[in-house]
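Asks: One predicted model, sequence on top.
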Amino acid sequence: MDSSMLERYRRDRQKLLEFIISSSNSIREVRTPSGSTSISNINLDTVSADYVLSCIKSGGVLDVSEGTKNYFYESAHPITIHSQSGNSYFVLSDPNVSGSPPRRMPPPIDVSERAKHSPQSSSQVEQTLKEKIAVHHEKESRVKHANGTVESVKPAEVGGVPPLGLPPLKSGLSDDDLWESAYEILLASMVFSGIRVLPDQGRKKGKSSKLLSGLNSKEDKVLPQSPSQEIDFKLIDTIRIQMQVSEAMDLCIRQLLVQHTSKTSRGQISVPHISLMLIYSISRSNFFNDKSYIRWNSRQASILEELLGSANHSATNCAAIRYSIGNIRNAMEWDVLSPTERAEILVSIRDSVSEVLSFPGGPGQCSIKVESGYEATGYHLRIRLYEKLLLSVFDILEEGQLLAEADKILKLIELAWSTLGITQIIHDALYAWVLLKQFVRTDEQMLLEKAILQVQKVFAADPCNEEEGRYLNYLLCTSDCNGRVIQSSLLPAIFFSMSIWCDRMLQDYHMHYSQKPSEFRRMLTLALAVGVFVPNEYDVLMELNTSSEMFLGRLKTYIESSVQAAYIRVADCSELKYKLKGMHTLVILANNLKLIAEKESAVFFPALYQWCPEAGKISATLLYQRFGERLKPYLQDICSLSQDVRLVLAAAHMLDLELTQLNSLACEGNGLSLPLNCDLDHYQIAEVARPVILDWVIAQHAHILDWIGRAFDLEDWEPLSSQQKQAVSVIEAFRMINETVDQFFALNLPVNITHLQGLLSLIIHSLDAYSTKVVDQLVEKSHLYPSAPSLTRYKEAVVPVARKKPAEPAILGKEVNAALNGLTISKLCIRLNTLQYMRNQIGVLENSIRKSWGLIKVFLKRRWFNIAEEKSPKMSERTMSACDETVDELFVTTFDVIRNTVSIAMDKIFDFIGAKVVFWDLRESFIFYLYRVTVEGARMDSVLQHVDVVLKQICDLVDDIVRDPVVLSIFHMSLEGYIWILLDGGPSRAFSDSDITLMEDDLNILKDFFVADGEGLPRSLVEQEAAFAHKVLSLFSRQTGSVIQMLLTASESISTWTQSHRLGHRSLDDANTLIRVLCHKKDREASKFLKRQYHLPVSSDYDDAYMNESTSSSAVISDLLKRGASFRWSSTNDLTPSAAAISDLLKRSASVHWIPPCMHFGMSWSNEPILGDSSGQLI
């Protein structure tokens, strides 16, 4: 509850209880501990209302001690609702935070608790009430003191502005008494200054008795007023409401003051004279009840006692004054006195006042003269009264806001300056102090800004003259400074009070301003404006100059104490969070200290830098030392990797970086060109973390490889979606790698180039393992090619004869068949898309790692190469440059290797797809169909229809980037198949000279088909690939004799041809090619030559089938050519050395077959074929 609402509730409760007790006829007796029966002597704040109502119902005795005991007993338990269920009660917690109230019975009452609240005296009860309000509300509240000798101020809340140290009030004046007296003094000052305070003030006044008797009359007529006067009346009424004075009492005071001024001359008036005047004019009839009158009369007597009791009197005068004031205080005896006796008492008091004031000309004059003695008399009361007047400018319902009429109110209360002994500088200082107190109560930033302006106004004002200076020196205050009693005048006491509050805030500014950075700057501005006061050797306050060494030392003390307090606070919090969350205390502590360092860098250091450039270094060093004391033993005990170890090292490393940055800011602010010269001695985290990180990378590598293996076991090579055509397993592989990379850089540990190499090695081996698995699922390409038919010579069969059947072809194994059946075109295309996705993601992964590495690069340079120890800046720059070059080279080398690995895998799949489409999937429609029996009956057009279907399927499946390479592979293998038909077409294929033209057209049709009117492969590339096919076809156009002559020439370069054959090249002038051209020429001369020289069988003797015998044609031809050194082809086509031997070799060449050069993985496409045996072994 707000303090103003609490005060209002207290007053209303007090008035209500007073009314109930005084008006009730059911209470037979009111019994108090002192024996008095007067209600005015009862402290109703500590009397239980339930007990009073119970006494009224029972008609018994009201025992105040029992009511007080019940009050404290009730306050120790929750407030319950007397409902039928009996299970609802209030708690002192916020329901929005606590949730719904508990639906259970309250805990049982402990009998021992009742014994604790034994009957207490009124002073003990009052003290207990003050303690409870201070603990539960921690705000100032206007607690009324019935009796006491201490200063009547509000209890200081935690962190509140200290009091000024004015002499205490000895007469028992309460806070309410001060508010009411301050208002009366303001009214009197206005009246004696000639300001109208009553609407009917202009009318002729009657006699005093008639005027006073008319205070309770309601028939007074208000005369019309001017607008300016109406505003003044409203302003006065606003002040009355702010100071919580009753309307009836206000009207009574105004009328009596106006009546008194009508009989005396206007001018200055003193506080004692105002009290004497009111005591003389006001009687019991002016009050609603006796208690109000007694309290008012007692207050006036206390005012006189405070003012006159502090003056220097003789013993006789002191006794007389105390006796006279005692008569006034006892309202019962005062009313019994006759008017003459009362007048004599008041006159004696007036004489004492005149003696104290020593003013020639009466009690109405006041000036700043130290010799008069007035200024030194009762100043402790007058300062308190003026404080109440200043507080009237704050809205009573919202204490953090100034009234809209605040400036007018301040202007109006200037009229009371002479009465209360206030000067301009006292007003400015007191107003700044009041503004600061209200800011502390309400946390309203506007009030702090106004307080700063007021303080600056005081220090900017002209120095006081000698007379005012002597006056200010008489206003003494007593302060406590570190156990030493310090006396000072009022102004230093005001600023000392504000300085103590600033000092208290600065001692732990992390706690007070971490969430309010803007307020910290304002508070620091106020602290510098107020200054720092310290007692000198004579116990006199001395202000420190902001440029002095002592002031700088004080600021450093603030920084150290605040950082130390913040560390202790987070250390205690770390222990608590460890018990709640189970997280290691060092992790929690490091994270909290990092937040403190961040606040220091962003908020506090920029504000402190102007006066203390070393602030950041002091904070960083202290935090580093405190945390290091707890971290070093932990680092020494680390022997294995665990989750706690990883978190502790990461948190400590991040704290190290933050403290280093804070320290560097301070060093740079001091003008140091090399911040490293004041670098901190870093924690030994890098040395401890280095093997831990490497172990972690190795463990992650094994985990990723295991995960890739499991992903492959589940892979069915179906596209992820219509838009994402890659396999699911590659997504998982990169997810694991990316997660590992993110975890690596999220370790927040110091890493070096060795760790980076480990991470990149992990990526290389992981992606290489994946691409290897993709390729390893392929089968040997040699299994795709059909068996080569027997070598024959062309001859038309005239008489049907029984044809020879070729040997049964070799049967593929079950595993090979199963693998080929699973390697469908669609699944092969998904493999290609997957590898292409890998190639794309490799670039993304590289950029991500480079970016993450760049964020920690600066720190790495300093830690790897110990740049802090380098004496030459140029050498440091060269070392940093070498570091960058090393890292760049590592990135380039690593990712180039990965890209090459993926590219090789893609090339293998390109080759496999082309070979599988032509030699396996289209074997019947292409290889076994084209030019079979006759060229005219099996043209290329029919073949391309099937090729077109396959190409459409592939183009729909593959990614656009890999479409052209796949099509190029199919085109290349189509050419290889076309050459295979020309050279290994078998007995059913023989070509006449007239067929060559058609075959040339078919080859052009094949090229045009893949060019696709400019939408397919580039024309230049197609022509380049088809060049060798044209050359082979041109051999069929040559004269048979020319081909035979070429064969004779080929025999003379056996060694050269064999070497080129071993390198995987095939040429047009080698014997293998030329013999096969002669075998497929539909020419009598060629047939005759083959029969005479090689004894080859005629094609009509064999069925149109393909053989796969153990001896390959390449082996036969190789054997033939090796033995060719022992014979020569003659120009007359005679076989000179051993015709029988060559004939035998040619018989064996019936099983020869040819293997395209692209069969083996990793070899580039070639325009020339190579020879191989049936197992695919290159020669």
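Replies: Sure thing, it's come through. Numbering: from 1, shown residues only.
Asks: So what's the predicted local confidence for Tyr386?
Replies: Model confidence at Tyr386, given as pLDDT, is 93.
Asks: How about Asn866?
Replies: 40.
Asks: What of the one 5 residues further on?
Replies: Lys871 is assigned a pLDDT of 39 by the prediction.
Asks: ditto for Trp334
Replies: At Trp334 the predicted local distance difference test score is 84.
Asks: In terms of helices and strands, where is it?
Replies: Secondary structure assigned from DSSP states H and E places Trp334 in helix 331-336.
Asks: With Leu659 instead?
Replies: Using DSSP H and E, the element containing Leu659 is helix 643-669.
Asks: What helices and strands are in contact with that helix?
Replies: Contact analysis of helix 643-669 by 3 or more C-beta pairs under 8 Å, 6 or more residues apart in numbering; DSSP states H and E lists helix 585-599, helix 605-608, helix 615-636, helix 685-714 as its packing neighbours. In this view, the C-beta of every residue, glycine as well, is placed from N, C-alpha and C.
Asks: swap the cut-off to 7 Å and go again
Replies: Secondary structure elements in contact with helix 643-669, counted by 3 or more C-beta pairs under 7 Å, 6 or more residues apart in numbering; DSSP states H and E, are helix 585-599, helix 615-636, helix 685-714.
Asks: average pLDDT for the last one?
Replies: The pLDDT scores in helix 685-714 average 88.
Asks: for stretch 812-819, same thing?
Replies: Per-residue pLDDT values across stretch 812-819 average out to 80.
Asks: go on, stretch 518-525?
Replies: When the per-residue pLDDT values of stretch 518-525 are averaged, the result is 85.
Asks: Sort out which residues of that stretch are buried, please.
Replies: Within stretch 518-525, the residues that qualify as buried by neighbour count (16 or more other C-beta atoms under 10 Å) are 519-525.
Asks: In TSV, list those residues along with secondary structure.
Replies: As requested, the buried residues of stretch 518-525 are exported to TSV (DSSP: H, G, I helix; E, B strand; the rest coil):
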residue	secondary structure
Glu519	helix
Phe520	helix
Arg521	helix
Arg522	helix
Met523	helix
Leu524	helix
Thr525	helix
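Asks: that older thread, for the helix holding Trp334, list every residue counted as buried.
Replies: By neighbour count, with 16+ other C-beta under 10 Å as the criterion, the buried positions of helix 331-336 are 331, 334.
Asks: and if you look at stretch 1073-1092?
Replies: Judged by neighbour count using 16+ other C-beta under 10 Å, the buried positions of stretch 1073-1092 are 1073-1083, 1086-1087, 1089-1090.
Asks: Looking at these, which are in helices?
Replies: If you go by DSSP state H, the buried residues of stretch 1073-1092 have 1073-1079, 1086-1087, 1089-1090 in helices.
Asks: what's the farthest-apart pair in these?
Replies: Based on C-beta to C-beta, the longest span within those runs between Thr1073 and Ser1087 and measures 18.2 Å.
Asks: Okay, buried residues for the helix or strand hosting Ala1026 please.
Replies: Assigned by DSSP H and E, Ala1026 belongs to helix 1019-1037. Along helix 1019-1037, these residues count as buried under the neighbour rule (16+ other C-beta under 10 Å): 1022, 1025-1026, 1028-1029, 1032-1033, 1035-1036.
Asks: which SS class is Thr478?
Replies: The local conformation at Thr478, judged by three-state DSSP, is strand.
Asks: now do Leu62
Replies: Three states are possible here, and by three-state DSSP the one that applies to Leu62 is strand.
Asks: neighbours of it, just the number please.
Replies: Counted with other C-beta atoms under 10 Å, residues neighbouring Leu62 total 23.
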